[in-house]
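# Give me a 3D structure for the following:
(one chain, ligands or ions: 1)
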Amino acid sequence: MSRNCSHLVMVWTVLVGFVFTASPLRAQEKPNVIVILTDDQGYGDVGFNGCKDIPTPNIDRIADNGVKFTNAYVTYAVCGPSRAGIITGRYQDRFGFGRNPLCAPQDTAQGLPRSEETLAKVLSRSAYTSIALGKWHLGAHKSQYPLKRGFDEFYGFLSGGHKYFPNEWTLNDVSEIKAQFDAYNTRLMRDNGRVDEKEYLTDALSREAVSFIERKADVPFFMYLAFNAPHAPLQATEKYLKRFSYIKNKKRRIYAAMVSAVDDGVGRVLNKLEELGISDNTLIFFLSDNGGPEHKNGSDNGVLRDGKGSLYEGGIHVPFAVQWPGHIPAGKVYEKSVSSLDIVATAVTYAKVTPKNKLDGVNLIPFVNGENEGEPHEQLFWRKYDQKAYAARCGDHKLVKYKSDTEEIYNLKADISESNSLALTEENHYSNLKSDYQSWEDEMEDPVFLGLMKGKEYNKLHPERFKMLSPFKVDTLVGKAPEGYELLWTEEFDQDGKPNSEKWAFEEGFVRNNELQWYQSDNANVRDGALVIEGRKETVKNTKYKKRSKNWRTDRKNAEYTSSSIKTKDKFSFQYGVLEVRAKIDTRMGMWPAIWTLGVDQKWPANGEIDLMEFYRHEGKAKILANAAWANAEKNAVWDSEKIPFYKFTEKEKDWADKFHIWKMDWTANYIRIYLDDELLNEIDLSKTLNADGYNPFHQPHYILLNLAIGANGGNPLDTDFPGKYEVDYVRIYQKK
Ligand code: CA
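Numbering: from 1, shown residues only. So this is what the prediction gives:
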């Protein structure tokens with residue numbers, strides 16, 4: 001199976017100077033893009049790099065059908081940052097991804113910053129459909145899930161590693177983890193929710209890859225197939241283990257079986273593409289995310305020094321091959337330095353789409369076709385921020401500061417194993433390498449989150465890390481209709497920016513109840529998957545001010561506070577069903593947040609008001625209210641109100657106010673029941689809610705309001721620190737089928 005290096009050098013010699021001429025790309029054709037990423041696989045552990053004891057005939061097919069790179073690099077020596085570089089096509093240090101992320105499902109910052117676009121996101125603008133398979137490791141907060149980062153589908157897991165056997169997946173999802181490595185034991189996810197998977201993990205991912213190709217054969221697609229094999233833990237099935245009975249070392253034997261499972265999967269993918277006749281229109285990259293940790297998983301980086309984590313070649317110099325039959329030559333060896341950053345740059349060129357951010361990679365195709373005989377990269381750089389370690393490669397020379405107290409220079413062409421450090425002189429390009437590295441580093445950002453190596457420090461700062469926001473479950477990310485109901489309307493607040501104007505309108509100015517705040521649109525914004533309404537202490541002009549006015553709306557020159565109130569009036573209304581809102585409220589003095597509805601017909605209170613939630617001070621005591629109001633003969637409000645002292649909630653849960661909770665209304669022709677976290681707070685009998693004229697305002701459609709008032713019933717905000725913050729995760733309405 002394996003080929004030897006001297007033979008490959010000969011092939012290269014023959015190909016030098018040969019410009020590959022393929023039929024020109026037809027303008028309307030956009031190639032499918034597949035990135036097959038393995039995890040912690042050694043440079044020497046593929047047949048195309050000379051591996052002797054683990055046959056990888058299918059992975060080798062990619063090199064045979066296309067080009068293998070002998071000097072290919074990833075941008076970091078461990079998983080997370082390397083993947084951030086691959087998926088964005090940008091040095092991850094540009095956006096502060098300089099550490100391996102922790103599994104912190106409540107932390108929006110622990111993952112890919114929102115400034116960054118994934119390749120899936122970019123390609124979606126060119127009508128690509130996409131899937132992420134396997135290991136994600138770019139953030140475990142729901143705002144970081146693959147479907148929130150540009151992918152159309154996801155099948156895999158969020159964390160940096162995972163067990164391989166389904167019987168070990170004892171936790172439902174990341175809401176149940178209590179420690180970093182518990183995330184290895186969660187069930188797999190399909191899209192945003194969990195699934196019941198029965199196959200060995202690697203086989204399941206291969207199956208899903210084939211299924212996606214079958215389903216999407218007729219449209220341009222992008223598949224990010226991120227096998228976590230052969231990353232630890234070392235686990236393989238008998239089917240693969242028995243292929244390697246000749247390997248004496250147990251670690252290496254299991255490792256070989258895991259690589260072999262990946263190779264089978266690659267074979268299934270290649271076969272499916274060929275069977276469907278779309279192989280020639282599919283650009284496939286194969287690589288490992290970093291070098292092999294030889295002692296940990298039994299991998300082999302061949303002649304390269306060190307392994308995973310290191311800035312010597314063994315950590316960052318990876319197996320890498322690309323195929324695109326008919327467009328690039330077959331069986332070619334390319335020796336100049338290339339980078340995993342080049343994947344995005346190559347893909348977007350042929351997808352004819354421009355990324356929002358500037359890329360650090362280059363389109364590799366002209367280089368492998370011989371159209372461009374220059375260097376794809378004048379320089380490549382690496383930084384390990386916490387270790388103050390770095391490396392730079394320019395041509396054959398590499399500067400590295402790692403482990404040793406001093407900088408070292410190697411000529412990699414003569415000394416790929418980095419065994420003879422050269423003098424730090426002009427002749428060895430020392431000052432150029434050093435100053436180029438420094439100018440590059442000046443453009444980079446410090447890490448924006450604490451990483452895996454700083455877990456203890458992180459836990460101290462975030463004692464709530466594993467105390468999931470009740471009832472924050474992966475399942476709640478997708479609305480689950482009650483038995484016999486279906487989703488009628490949903491607002492997930494998942495597009496950053498202003499609330500969707502097709503659904504929401506803003507209230508303006510002084511509106512009701514002699515409240516202190518001036519309502520304005522500026523204070524309501526969608527961020528990280530939730531609506532955030534901010535109560536601010538700021539002076540704004542009352543545009544309706546009238547001298548000598550006796551009306552509270554017009555007698556004040558200024559408002560001293562601002563906030564927002566949004567409503568679906570004239571945009572959406574509904575009659576009967578289940579309304580569910582997940583929100584976190586500010587319970588400090590002065591705050592009066594609410595979730596409520598008003599009938600579309602007649603004036604208040606004859607139109608009917610339903611308060612799923614109000615929080616304010618009543619008789620000086622903080623209370624949560626659940627009410628309905630209608631009109632008596634004098635057109636005053638008649639209330640059916642429950643006022644539950646707030647301490648009843650904090651007694652049960654000390655940090656109640658720091659968490660999200662679910663308010664729910666079950667509204668039928670006969671009753672309205674209002675629940676908080678599934679506890680019934682009030683039941684309103686609709687046979688008794690007639691206005692004086694006999695009209696029942698709860699037998700008509702209602703629209704929804706979300707607002708944060710300040711002052712009035714909320715109490716005096718004078719001693720409260722501003723801003724106040726009211727967050728709404730989603731609003732969902734279900735109706736009977
Ligand atoms: Ca890795």
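# Quick check: the residue of the stretch 1-150 of the chain nearest the ion.
The stretch 1-150 of the chain approaches the ion most closely through Cys79 (3.5 Å), counting by Cβ to the ion. The way it works is simple: take the backbone N, C-alpha and C, and place the C-beta from them, glycine included.
# Give me the number of neighbouring residues for that residue.
Cys79 has 25 neighbouring residues, counting by other Cβ atoms under 10 Å.
# pretty sure it contacts Gly291?
No. Shown here, Cys79 and Gly291 do not form a contact pair, counting by Cβ atoms under 8 Å, at 11.3 Å.
# related to what we said a few turns ago, give me every residue that touches the residue of the stretch 1-150 of the chain closest to the ion.
Asp39, Asp40, Asn100, Lys135, His137, Gly160, His231, Asp289, Asn290 (Cβ atoms under 8 Å, 6 or more residues apart in numbering).
# For Leu188, which non-adjacent residue is spatially closest?
Glu197 (4.7 Å; Cβ to Cβ, 6 or more residues apart in numbering).
# buried stuff in stretch 36-53?
By 16 or more other Cβ atoms under 10 Å, the buried positions in stretch 36-53 come out as 36-51.
# So which of those belong to strands?
Ile36, Leu37, Thr38 (DSSP state E).
# Let's have the contacts of Cys79 in TSV, adding secondary structure, distance to Val122 and pLDDT.
Formatted as TSV, the contacts of Cys79 follow (DSSP: H, G, I helix; E, B strand; the rest coil; distance: Cβ to Cβ, whole Å; pLDDT from 0 to 100):
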residue	secondary structure	distance to Val122	pLDDT
Asp39	coil	24	98
Asp40	coil	27	98
Asn100	coil	24	95
Lys135	strand	21	98
His137	coil	20	97
Gly160	coil	24	96
His231	coil	27	98
Asp289	coil	20	98
Asn290	coil	24	98
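# which of those residues lies closest to Leu201?
Relative to Leu201, the closest of these is Lys135; by Cβ to Cβ it sits at 9.9 Å.
# Look up how far Phe151 lies from the closest one.
13 Å (Cβ to Cβ, to the nearest Å).
# Identify each buried residue in the longest helix along the chain, please.
Criterion DSSP state H: the longest helix present in the chain is helix 250-275. For helix 250-275, burial by neighbour count (16+ other Cβ under 10 Å) applies to 251-270, 272-273.
# likewise stretch 381-388?
Phe381, Trp382, Arg383, Lys384, Tyr385.
# how long is that stretch end to end?
Its first and final residues considered, stretch 381-388 spans 14 Å by Cα to Cα, to the nearest Å.
# and the residue of the stretch 451-600 of the chain found nearest the ion, how many neighbours does it have?
Of the residues in the stretch 451-600 of the chain, the one nearest the ion is Leu452, at a distance of 11.7 Å by Cβ to the ion. As a burial measure, Leu452 scores 16 neighbours (other Cβ under 10 Å).
# Ignoring the adjacent residues along the chain, who's closest to it?
Leu452 sits nearest to Asn100 (Cβ to Cβ, 6+ apart), 4.2 Å away.
# isn't Lys384 right up against Thr75?
No. Contact criterion Cβ under 8 Å: Lys384 and Thr75 do not qualify, at 11.2 Å.
# count of neighbours near Ser501?
Residues near Ser501, counting by other Cβ under 10 Å: 10.
# dump the residue contacts of it.
Here Ser501 is in contact with no residue (Cβ under 8 Å, 6+ apart).
# Check for me that it belongs to a strand.
No. Per DSSP: H, G, I helix; E, B strand; the rest coil, Ser501 lies outside any strand segment and is coil.
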